[in-house]
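[1] Just the structure for this:
(chains A and B)
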Amino acid sequence: MSDRTADRRKQQEATKQPRGTDGLATDRLGQFGIGVVLTLLVLAALGPVVSPYDPVEQDLSNRLESPSLSHPFGTDQLGRDVLTRLLHGARFSLGIAVAVTTVRLIMGTAVGLLAGYAGGWIDETLMRLVDTLLAFPGIVLALVIAGILGPSLVNVMLALSVVGWASYARLVRSNVLSLREREFVSAARLLGRSRTHIATRHLLPNVVAPVVVLATLDIGSVILGTAGLSFLGLGAQPPTPEWGTMLASGRSYLRQAWWLVNAPGLCIMLTVLGFNLLGDSLRDMLSPTQTAQMEEL
Amino acid sequence: MTGAGLCKRLLTMAIVLLGVSLLTYGLVFVTPGDPARTILTQQMGGQAPSQDAVDQFRAENGLDDPFIVQYARWMGNALQGDLGQSYYSDRSVSDMIVQRLPNTIGLAVASMLVALVIALPAGIASASNPGSRIDYAAQIGSLIGVSMPNFWLGYLLIIVCALRLNLLPVAGAAGPKYLVLPSLTLGSGMAAVIARLVRTAMLDVLDDAYIQAARSKGLRERILVYKHALRNALVPVVTIIGLQLSYVLNGAVVIEVVFQRPGLGTLLVDAIFARDYPVVQGVTLLIGVIFVLVNFAVDLTYSRLDPRIDLGGEHT
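    Residues are numbered from 1 along each chain as shown, chains lettered A, B, ... in the order given. I've put the predicted structure just below:
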């Protein structure tokens, strides 16, 4: 069996990357991911401009039409073109995902830097807060917060931001803990640099890479979270063309109009897949130590 | 695990549980809206109560006390299994939870079984033939599974299995038949994550020296994989199964809505829309506590299975 040696080598190479899409040609999947994300951006930017239909205006004479040349994804229960609504929905999904992820990233990085560098009771308090937030299944807590604030897209964004920064804080803190013993940090300290200077000029630049990777991987789950909460009725309200909301209103027409739930479902899946693949391939570019720290999350 | 390590872990857990309960109670406490007015309006069949009645109710039920006093009272009662009274039904929150809990547990257990039945063979097949077609297929399958919104998968299954083929009922929880589609939906999402981890863990183990030794003495590949490698590869998998509880609880909320199953998830969602805060608090607290306890149990199991792991260390 001459394949055996080749197999062993493959296995050894594969085990070097402990998680994810190892074994598959990661760069090709990464390129696919970038392709999906870019296509989506272009569609979100141009689609609504190009489409001859209005995403909200009702056209009751054309209700629940099957997919055809003039309506590639059919029409919904109010006669609106599903493709047009999906294209508008891409703007919502991408916009929300980027906004929420950015807020999570900034909050988490700030808390992680502070906890890791200040140490002592500040660290202890902040980390117990992080533990508490991570003690809830994310969607459940976001659901409760969004529900208390009242159904709206902005409240869903707030809720998802508030519950999601904890893993960034943990990642940044563990990076800072190992960085602050390094020579360049000691040197800066000996030179009499202030703590703020060290934190922002020396520590921060060194945690950017893993944090950005985490953020890319996180975008997918933010999109799923937004769609999930909207699906439950807490996010965007009809007639807003948000993917989760569209899927929710399609569920009354499963028999007559299967495309109403499947078109937005497919869009959500492709988008999440694109960001996940992109994140996976970015992670493979990190150093082994940084990868190990990400594994601990 | 050392005694000191266990103590430290227990202490951290206690602090987190305290945090969980404070957060649960605090969230609702800061919500605008006066519970006294809500309850009285309900009791009077929708009529607005007089200010005097509201004031009297507040005084009688300790609603004017400071936050910490009210929290302590709520927590004290909760520890004795009393989570208060629903605003809109004459039943206690604990009652409602006890009634719904079995359905959610059933869903969780069935989904976990589905997940393992899919993920273990897929992960093992992947890892024992890395780079093969089976491996690629399994990996692409799990990439798709991870990215798929579970409510969409639920509707896909409803359309195909219930509406087109008429094999299974769509909604409800009247018997085991009703469990099939929800647990397939939730379980296959979990399987995607678990299969990846089984594969990685198996590859790690198959590369170890003792496996190499067994292989060079001519042990059959099948025995090698199933008897020697699998056992050790399952150690990290146990942790993941515990951590998947988060996925189950997140998923149960949505999946129960999709399949209209009466469970904790639908109880929570209905209570949120009805602004029935005692129910919201009760269910949230329960979910948080279950989650913390299961994580703790997983840590214990993990250190039992692999004595090299000491829980005393800070997870930095």
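[2] C-alpha from now on. contacts and neighbour counts both.
    Noted.
[3] so where's the stretch 51-200 of chain B uncertain?
    Within the stretch 51-200 of chain B, no stretch has pLDDT under 70.
[4] can you list the residues of it near chain A?
    B:129-131, B:136, B:139, B:143-144, B:146-149, B:151-152, B:155-156, B:159, B:163, B:196-197, B:200 (C-alpha under 8 Å from any C-alpha of the partner chain).
[5] quick one: which of those residues sit in helices?
    Taking DSSP state H, the ones among these that sit in helices are B:136, B:139, B:143-144, B:146-147, B:151-152, B:155-156, B:196-197, B:200.
[6] how about those residues, which pair is most distant?
    The largest distance within these, taken as C-alpha to C-alpha, falls between B:Tyr155 and B:Thr200 and amounts to 31.4 Å.
[7] between those two, which one's more packed in?
    Applying other C-alpha atoms under 10 Å in any protein chain shown to B:Tyr155 and B:Thr200 shows that B:Thr200 carries more neighbours, namely 29 against 26.
[8] count of residues packed around residue 85?
    Here I'm looking at chain A. Neighbour tally, A:Arg85, other C-alpha under 10 Å: 27.
[9] Chain B, not that one
    Neighbour tally, B:Gln85, other C-alpha under 10 Å: 19.
[10] Could you do B:Leu179 as well?
    23.
[11] any idea how far chain A is from it?
    20 Å (C-alpha to the nearest C-alpha, to the nearest Å).
[12] roughly how far is stretch B:71-85 from the heart of the chain?
    Mean-position distance between stretch B:71-85 and its chain equals 23 Å (C-alpha atoms, centre = their mean, to the nearest Å).
[13] Tell me the buried residues in that stretch?
    In terms of neighbour count (16 or more other C-alpha atoms under 10 Å in any protein chain shown), stretch B:71-85 has its buried residues at B:71, B:74-75, B:78, B:82-85.
[14] hey, C-alpha coordinates of it in PDB?
    C-alpha atoms of stretch B:71-85 as PDB (Å, rounded to 0.1, in the frame of the first residue of the first chain):
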ATOM      1  CA  TYR B  71     -33.800  40.800  44.800                       C
ATOM      2  CA  ALA B  72     -33.000  39.000  48.000                       C
ATOM      3  CA  ARG B  73     -36.700  38.200  48.600                       C
ATOM      4  CA  TRP B  74     -37.100  36.900  45.000                       C
ATOM      5  CA  MET B  75     -33.900  34.900  45.300                       C
ATOM      6  CA  GLY B  76     -34.900  33.400  48.700                       C
ATOM      7  CA  ASN B  77     -38.200  32.300  47.200                       C
ATOM      8  CA  ALA B  78     -36.500  31.000  44.100                       C
ATOM      9  CA  LEU B  79     -34.200  28.800  46.200                       C
ATOM     10  CA  GLN B  80     -37.200  27.200  47.700                       C
ATOM     11  CA  GLY B  81     -38.700  26.600  44.200                       C
ATOM     12  CA  ASP B  82     -41.100  29.500  44.300                       C
ATOM     13  CA  LEU B  83     -40.600  31.700  41.200                       C
ATOM     14  CA  GLY B  84     -43.600  33.800  41.800                       C
ATOM     15  CA  GLN B  85     -46.900  34.200  40.000                       C
END
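[15] Helices of the stretch 51-200 of chain B, start to end?
    Counting by DSSP state H, counting those that start in this stretch, the stretch 51-200 of chain B has helices at residues B:51-60, B:67-79, B:93-128, B:133-147, B:150-157, B:177-206.
[16] Serialize these to CSV and add fields for distance to A:Leu143.
    Formatted as CSV, the helices of the stretch 51-200 of chain B follow (distance: least, C-alpha to C-alpha, whole Å):
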stretch, distance to A:Leu143
helix B:51-60, 29
helix B:67-79, 22
helix B:93-128, 18
helix B:133-147, 20
helix B:150-157, 15
helix B:177-206, 19
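[17] mind checking which of these is nearest A:Leu29?
    In terms of C-alpha to C-alpha, the element of the helices of the stretch 51-200 of chain B nearest to A:Leu29 is helix B:133-147, at 10.0 Å.
[18] and the angle for the closest one with helix B:177-206?
    Angle of helix B:133-147 versus helix B:177-206, following axes from the mean of the first three to the mean of the last three C-alpha atoms, to 10 degrees, is 120 degrees.
[19] who's in contact with helix B:133-147?
    Helix B:133-147 has contacts (C-alpha atoms under 8 Å, 6 or more residues apart in numbering or on different chains) with A:21, A:24, A:220, A:269-270, A:272-273, A:276, B:122-123, B:125-127, B:129, B:188-193, B:195-196.
[20] Any of those residues buried? List them.
    A:21, A:24, A:220, A:269-270, A:272-273, A:276, B:122-123, B:125-127, B:129, B:188-193, B:195-196.
[21] Tell me which residue is most central in chain B.
    By C-alpha atoms, centre = their mean, chain B has its centre lying nearest to B:Leu249, at 2.8 Å.
[22] show me what contacts that one?
    B:Leu249 touches A:137, A:140, B:108, B:265, B:287, counting by C-alpha under 8 Å, 6+ apart.
[23] Pipe those into a markdown table and attach neighbour count per row.
    Below are these laid out as a markdown table (neighbours: other C-alpha atoms under 10 Å in any protein chain shown):
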| residue | neighbour count |
| --- | --- |
| A:Pro137 | 23 |
| A:Val140 | 26 |
| B:Ala108 | 22 |
| B:Gly265 | 27 |
| B:Ile287 | 22 |
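[24] Which single one of those residues is nearest to A:Val212?
    Taking these together and measuring to A:Val212 by C-alpha to C-alpha, the closest member is A:Pro137, at 23.1 Å.
[25] Could you find the closest non-adjacent residue to that closest one?
    Setting aside the residues directly before and after it, A:Pro137 is nearest to B:Ser246 in space (C-alpha to C-alpha, 6 or more residues apart in numbering or on different chains), at 4.9 Å.
[26] And the helix or strand that neighbour falls within, what's buried?
    In this assignment (DSSP states H and E), B:Ser246 forms part of helix B:230-258. For helix B:230-258, burial by neighbour count (16+ other C-alpha under 10 Å) applies to B:230, B:232-258.
[27] which residues sit in contact with residue 169?
    Picked chain A for this. Counting by C-alpha under 8 Å, 6+ apart, A:Ala169 makes contact with A:107-113, A:130.
[28] was after chain B, sorry
    Shown in contact with B:Pro169 (C-alpha under 8 Å, 6+ apart): B:162, B:177-178.
[29] Please apply the same query to B:Phe67.
    Contacts for B:Phe67 (C-alpha under 8 Å, 6+ apart) come out as B:Phe29.
[30] Pull up the distance across stretch A:69-80, start to finish.
    Terminal residues of stretch A:69-80 lie 15 Å apart, using C-alpha to C-alpha, to the nearest Å.
[31] Can you give the contact residues for it?
    With contacts defined as C-alpha under 8 Å, 6+ apart, stretch A:69-80 is touched by A:53-68, A:81-83, A:250, A:257, A:259-260, A:263.
[32] cool, stretch A:96-111 as well?
    A:126, A:157-158, A:160-162, A:164-170, A:172, A:211, A:215, A:218-220, A:222-223, A:226.
[33] Right, I'll leave it there.
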